[in-house]
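Asks: The sequence and its predicted three-dimensional model are supplied below.
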Amino acid sequence: MTALLAMGSVLLAVVLYDILQKKHAVIRNFPIIGHFRYWLEAVGPELRQYIVTNNDEERPFSRDERRWIYSTSKHQNSYFGFGTDNDFDSISNHVVIKHASFPAEPPSEGDPPEYPLPCSKVLGGARRRRNQFAPASIINISGMSFGALSGNAVEALNRGANGANCLHNTGEGGISDYHLNGGDLVWQIGTGYFGCRDRAGRFDLSAFEDAVAAAPIRAVEIKLSQGAKPGLGGVLPAAKITPEIARIRGIPLGQDCISPNGHTAFRDEDSLLDFVELLASETGLPIGIKSAVGEAGFWTRLVRLMRDTHRGVDFVTIDGGEGGTGAAPLTFTDHVALPFQLGFPRVYREFAKAGLQHDVVFTGSARLGLPANALLAIAMGCDMINVGREAMLAIGCIQAQRCHTDWCPTGVTTQKWWLRRGLDPILKAERAKNYIIAMRRELTLLSRACGANRPSMVSPDHIEIMNRGSVSRPLREVLGYEPEWGTHGAPHRSVHVHG
């Protein structure tokens, strides 16, 4: 009896400790049981040799990739021992970064610990927007809405963006209080016009202006489509819609929130540019578009109009068909829209052929939150990188892939209070910051290994793509780029005025 009481006391003490601690969301939400996740993870390398997957098999992020993100976000050792475990004879589409025999000097001990890595272009500089600015970080946080993410997760990401001095995209779900914790915002406006819509769900210019005046918005992104469900429109299940979400979005409770698959404020490329210039003239902010890549005619017509008229977007965010944080039908996830490595070059080539590639800030957003992938995107012509799922992993996501069920075990993508409370936004903000800084640091080290002082100086000539059978081709040849394409050129430098 005494032994049972002692055991019960120990278990009760463990439960109380688990509930009160804030370091591990899984343990906080699932006392005692949650420890098994870490115990199994600890002996995982031994078990995986015989009965489970290897380090590179899991998708969308392998165990090695997740381990790198977790370790950098926690300021732990992110090195890997005993050489690569990649099988180069059977691997496809493998990025090979060509180091220089005489690399550039690495960062010195006296350099700032946050590894500042500004964008090489001025956002809005080419079109002289009143509130043009040079983004302080080429690594920024991608659009993930409050509603799709919990308030705790959004707050952690915004605080992390503030600490890392990078931009935080709101996603299409509107601007919540959780977005107002110090981080500068890129306000994403989707087909539902959440935060700037009238009662009929159409765009309301007055509401848009009020929202811009009330929040630290540095730029506006018009979402045409996204990699998770291109051409479909967003869906927020009724189970995840709380009174707070309904108020912020201006939608009713008790029913799915379905964004239309197309915009009502414009109907073609010409009226899209009119809409862009309207928003820019009213606010002075840089205005851009986000899209996955499908049919090419849209980009051809858009570029032609930008070349022949005095209208244009300030930035273009390209999402890949690999999908992202949004839930979607399997067919859309697997088969609709081009993967980033195919889609982005098609868009970039259209701008380059018209001589407009230096007038637009290009942002890549498609599983690019790992250093080699990010450097590849920069060599293709990207000026900035948006990270989404990788930022989620940094604040505690374990790739449970239950985002659409409202049962996220780590509190990242749920509105259930008892799961959400497991995610402490103050602690996780530090991890988001650490991850962003680690990405900038590793990109700096990679570029200097190539002989370039900064990532924006890396071109397609620094990279090769290797496929099965050890067949390798230069990236410029793979992309079909002309000799001057993929170089970032002289940035537009205008007076920085923050209104």
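Replies: Great, that's in hand.
Asks: what about residue 470, neighbour count?
Replies: 10 (other CB atoms under 10 Å). Just so you know, the C-beta spots here come from the backbone N, C-alpha and C atoms, and that holds for glycine as well.
Asks: Then residue 255?
Replies: The burial count for residue 255: 10, using other CB under 10 Å.
Asks: Pop out the phi and psi values for residue 187.
Replies: In terms of degrees, to the nearest 10, the main-chain angles of residue 187 are phi -90, psi 120.
Asks: again with residue 253
Replies: Dihedral angles for residue 253 - degrees, to the nearest 10 - are phi -80, psi 160.
Asks: now stretch 132-139: mean pLDDT?
Replies: For stretch 132-139, mean pLDDT is 97.
Asks: List the buried residues in that stretch.
Replies: Using 16 or more other CB atoms under 10 Å as the test for burial, stretch 132-139 gives 132, 133, 134, 135, 136, 137, 138, 139.
Asks: now stretch 312-320
Replies: 312, 313, 314, 315, 316, 317, 318, 319, 320.
Asks: What about the residues you listed, which are in helices?
Replies: Cross-referencing the buried residues of stretch 312-320 against helices under DSSP state H gives no overlap.
Asks: rewinding a little: ok, which pair from the buried residues of stretch 132-139 is furthest apart?
Replies: 132 and 139 (20.4 Å; CB to CB).
Asks: so what's residue 314 up against?
Replies: Going by CB atoms under 8 Å, 6 or more residues apart in numbering, residue 314 touches 123, 124, 126, 127, 129, 219, 280, 286, 287, 288, 360, 361.
Asks: quick one, phi/psi of it?
Replies: phi -90, psi -30.
Asks: Just the pLDDT at it, thanks.
Replies: So residue 314 comes in at 98 (pLDDT).
Asks: That one and residue 121, how far apart?
Replies: 10 Å (CB to CB, to the nearest Å).
Asks: what's the answer for residue 198, then?
Replies: 35 Å.
Asks: returning to what we had before: among the contacts of residue 314, which ones are in helices?
Replies: Per DSSP H, these map to helices at residue 280.
Asks: will you turn the contacts of residue 314 into CSV that also has distance to residue 384?
Replies: Output for the contacts of residue 314, formatted as CSV (distance: CB to CB, whole Å):
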residue, distance to residue 384
123, 9
124, 14
126, 15
127, 17
129, 17
219, 11
280, 19
286, 12
287, 16
288, 11
360, 12
361, 7
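Asks: Just put the contacts of residue 314 in JSON lines and tack on pLDDT, distance to residue 332 and neighbour count.
Replies: Formatted as JSON lines, the contacts of residue 314 follow (pLDDT from 0 to 100; distance: CB to CB, whole Å; neighbours: other CB atoms under 10 Å):
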{"residue": "123", "pLDDT": "97", "distance to residue 332": "31", "neighbour count": "28"}
{"residue": "124", "pLDDT": "97", "distance to residue 332": "33", "neighbour count": "27"}
{"residue": "126", "pLDDT": "95", "distance to residue 332": "34", "neighbour count": "20"}
{"residue": "127", "pLDDT": "95", "distance to residue 332": "34", "neighbour count": "21"}
{"residue": "129", "pLDDT": "98", "distance to residue 332": "34", "neighbour count": "23"}
{"residue": "219", "pLDDT": "98", "distance to residue 332": "28", "neighbour count": "26"}
{"residue": "280", "pLDDT": "98", "distance to residue 332": "32", "neighbour count": "22"}
{"residue": "286", "pLDDT": "98", "distance to residue 332": "30", "neighbour count": "29"}
{"residue": "287", "pLDDT": "98", "distance to residue 332": "27", "neighbour count": "26"}
{"residue": "288", "pLDDT": "98", "distance to residue 332": "24", "neighbour count": "24"}
{"residue": "360", "pLDDT": "97", "distance to residue 332": "28", "neighbour count": "24"}
{"residue": "361", "pLDDT": "97", "distance to residue 332": "28", "neighbour count": "28"}
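Asks: Need the overlap of contacts for residue 314 and residue 121.
Replies: The contact lists of residue 314 and residue 121 share residue 361, where a contact means CB under 8 Å, 6+ apart.
Asks: Would you mind pulling up the elements that the top helix by length along the chain packs against?
Replies: Counting residues, the longest helix found in the chain (DSSP H) is helix 425-449. Applying 3 or more CB pairs under 8 Å, 6 or more residues apart in numbering; DSSP states H and E, we find helix 425-449 packed against helix 63-73, strand 139-141, helix 151-164, helix 371-380, strand 384-387, helix 389-394.
Asks: just flag whichever of the ones you listed has the lowest average confidence.
Replies: With a mean of 91, helix 63-73 has the lowest mean pLDDT of the helices and strands packed on helix 425-449.
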